[in-house]
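> Next comes the sequence, and after it the predicted model I'd like to discuss.
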Amino acid sequence: MHVVYPVVVSALLFSIGVYGVLARRNAILVLMSVELMLNAVNLNLVVFDVWLKDRLHSGQVLTLFVIVIAAAEVGLGLAIVLALFRNRRSIDVDRLRDLSERDAPAEDRS
Amino acid sequence: MITVVALIVLLPFAGAVAGLLGSRWPRGGSRTEESNRVANRRAAWSAIVPASASLALTAWLAVWSAGALPRGSVSWSGGEFWSGLFPGATEGTLTLVETGSVPISFTLRADGLSVLLGMLVAVVALAVQVYSVGYMRDDPRYPSYSAFISLFTSAMSLVVFAGDLIVLYAGWEIMGLCSYLLIGHWWEDRANSRAAVKAFLVTRLGDVGFLFGIFTLGVAAGSFRIGDVLRADIPTGTLVTATMLLLAGVAGKSAQAPLHTWLPDAMAGPTPISALIHAATMVAAGIFIVARLYPLFLGAQPTLDVLGVVAAVGMLGAALAALAQNDLKRVLAYSTISQLAYMAAALAAGSDQAAIFHLLTHGAFKALLFLCAGVVIHHVGSNRMSHMGGLRTALPFTFAAMTIGFAALMGLPPAGGFFSKDAVIAAIEHSHGPAQPFLYGSALLTVGVTGAYAARAWLRTFFGPSRVEPLPEPPPGTAHVFDGREAPKSMLWPVGVLAVPALLLGFAGLPDVDWGSAAVSLLVALLGAGGVYAFWRSAPRQDPARMLGPFRVVCERAFYVDELYRSLFARPVLRLARAVARADGQLVDGAVRGSGRLTIRLSGFVRLAQNGNTQLYVTGLLAGLLLITVAAVVLA
């Protein structure tokens, strides 16, 4: 199998992930999109590991690392989403704007 | 021997430290009547004991000096009467400070001149300290007051016994500081603290010149030691520059014509301070330094001419101003300026002997006059002569003492002033200089005016109907309300003691009296006094100063010199200061504030992006990443 096919698939996956992160409003879906991007990277790693015939299989090793880290990250992310939901009754990313620059800062008082 | 000299200087200093730190020790207690009294008593002891010890040591030094044979190695003022009286001289260097160029040697020296002046300082300082115990009895700040007097005495002793110009300058400056602190003793009244600031600033103006004069001399001679400076061969041009610069300092400290304005205002201080400043310290320092460096001044004739003109103008102007003052202390202040101008005139005429002689007798009788004035003011509760009158029955002792003082001031025969003033006038008469006729005329006129104002003050204070009225509340600046008695003993004793030298000191100059000029000046003085007496006799209730007619107001304002300075210097400086303040507030601060405001306004645009939507941030991040990638690919 030519290397181009899996690479194209991974690029598509990554693009879908980027789209999801940028466009979805549901926090859980944003998290899922992040997972998609991670898995696109994983796919890339495995493909190039095979294609380059790496004897140490460093690509596969790295993939395992990424999977583990992704699991941890999702756990953390979901915990944050849960806490958010408990506090706000909403996980809509668009409505979470507490850190926005709302009022004009006070003029200097000298 | 040098240890004794150092002790004379350091004992009052130690007294000052003890008085400042120790009189309320241990600290922390509340200020009650009782603790104030304890503090005052302690301060009095720590002021009087060092002053007496210092006087005793000075006397011992004088006895040693009078008995010692002159030592050729250190005598550089031969032929003067003080080196005849006190031939012994000693000089010792305590330490040498390397400065990289001209070294500063911490040298003290005692010779005839310094021993004479040292005696004057010690006697007057002790008299003032004892007097102050009574005068400032109820003052809660007496401890600091007496400590500052001790410091003042110490500084003046340092000036007198200094053997190095920089050491002398240190004492000179400490005196400036002390005069500031003491004139402003009653600082609750704004006028008093202003007078203190004025004294400080005006003398400082002269001190700048003085310091640079010292530098010029030191660099030219390669040493700051007075002995080396006097021995050095300095070119005339440098000498004239240096002495002119020194003259600025002398004019500032000794209150001579252009810089005299601080002295009348310095009357804001307590009266004993006026006695100290006017008689023994501060103003004497200026004359002393000229006498000390007299060989240099003799080598710079232009400086002496300038000094002569300044003295001629100053003595007559100040005497006329004294004639029209209503404040007793201001009369004495202007008379001090006038008498100091006499000394300056004697110096200009080439006789430092006459100047120092007059300085000594003037020190004695002016201290006496001020202390008597203090008694009168203490008694009446007012400085104004229009509130006095007829006091000779109430204050017989003070009346006698002050009569001696005024007689000495006028130059009436038995008193000290007669002999010294005669020496000065004879010196002026026999001098040769371009300013001599002017100087001589001015001196004789001043003798007449001196007689007039002394007679006026005497008559207004002690004769005529009593105008004393009890004051309801003593304002700051006066000591007590009228109580109808003589002052306490601690105030009368110094007065009595000072009356003796004021009366008898002049007889030291008996062999040198020039009877011709003495008769002339005596006649002129009596003429002036007689004129005032005639005017006073015709209307005892009124001020004899009305004899001046329309000129009186001009004299009372001292020829508008203060006003002139105010419009010439003070106002422009104030205007400039205001302009600078405005420039600072509007230009400098405006620039700072403006840049801040500009930043905030610009940041408004950046703030638009900060809308809280995380996805927007990530989009921006990605866009940036994309841009960088594209750029890397395209440009690489």
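All right, it came through fine. Numbering: from 1, shown residues only, chains lettered A, B, ... in the order given.

> Point out the residues in chain B that sit beside chain A.
If contact is defined as Cβ under 8 Å from any Cβ of the partner chain, the residues of chain B in contact with chain A are B:589, B:593, B:596-597, B:600, B:604, B:607, B:610-615, B:618-619, B:622. Backbone N, C-alpha and C define where each C-beta goes, glycine included.

> how about stretch B:451-461 as CSV, C-alpha atoms only?
What follows is the C-alpha trace of stretch B:451-461 in CSV, where atoms were taken according to Å, rounded to 0.1, in the frame of the first residue of the first chain:
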residue,chain,number,x,y,z
GLY,B,451,25.3,109.1,70.1
ALA,B,452,21.9,110.0,69.0
TYR,B,453,20.4,106.6,68.7
ALA,B,454,22.0,105.4,72.0
ALA,B,455,20.7,108.4,73.8
ARG,B,456,17.3,107.9,72.2
ALA,B,457,17.1,104.2,73.3
TRP,B,458,18.3,105.1,76.7
LEU,B,459,15.9,107.9,77.2
ARG,B,460,12.9,106.0,75.7
THR,B,461,13.6,103.0,77.9
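
> show me what contacts the residue nearest to B:Gly209 when sequence neighbours are not counted?
Residue nearest to B:Gly209 in three dimensions, not counting chain neighbours: B:Ala248, with 2.8 Å by Cβ to Cβ, 6 or more residues apart in numbering or on different chains. Under the criterion of Cβ atoms under 8 Å, 6 or more residues apart in numbering or on different chains, the neighbours of B:Ala248 are B:Leu205, B:Gly206, B:Val208, B:Gly209, B:Phe210, B:Gly213, B:Leu259.

> Could you tell me which ranges of chain A sit under the pLDDT cut-off?
Across chain A, the stretches falling below the confidence threshold (pLDDT under 70) are A:102-110.

> try 80 this time
Across chain A, residues meeting the criterion (pLDDT under 80) sit at A:1, A:99-110.

> I'd like to know which of the residues of chain B next to chain A is nearest to A:Ile80.
Taking Cβ to Cβ as the measure, A:Ile80 lies nearest B:Thr614 of these, at 12.2 Å.

> How far off centre is stretch B:247-263?
Averaging C-alpha positions (Cα atoms, centre = their mean, to the nearest Å) puts stretch B:247-263 9 Å from its chain's average.

> Filter the contacts of B:Ala248 down to the buried ones.
Among the contacts of B:Ala248, those classed as buried by 16 or more other Cβ atoms under 10 Å in any protein chain shown are B:Leu205, B:Gly206, B:Gly209, B:Phe210, B:Gly213, B:Leu259.

> Show me the two of these that sit farthest apart.
Across the buried ones among the contacts of B:Ala248, no pair lies farther apart than B:Gly213 and B:Leu259, at 14.6 Å, counting by Cβ to Cβ.

> Residue 2: how many residues sit nearby?
Answering for chain A, as no chain was given. Neighbours of A:His2 under the rule other Cβ atoms under 10 Å in any protein chain shown: 8.

> um, chain B though
Neighbour count of B:Ile2, defined by other Cβ under 10 Å: 17.

> Report whether the expected contact of it with B:Phe106 is present.
No - the pair B:Ile2 and B:Phe106 does not pass the contact test of Cβ atoms under 8 Å, sitting 10.6 Å apart.

> any shared contact partners between these two?
Both B:Ile2 and B:Phe106 are in contact with B:Leu94, where contact means Cβ under 8 Å, 6+ apart.

> which SSE is the residue lying closest to B:Pro434 once chain neighbours are set aside in?
Computed as Cβ to Cβ, 6+ apart, the closest residue to B:Pro434 that is not its neighbour in sequence is B:Asp305, at 6.0 Å. Assignment of secondary structure by DSSP states H and E places B:Asp305 within helix B:301-324.

> Good, wrapping up.
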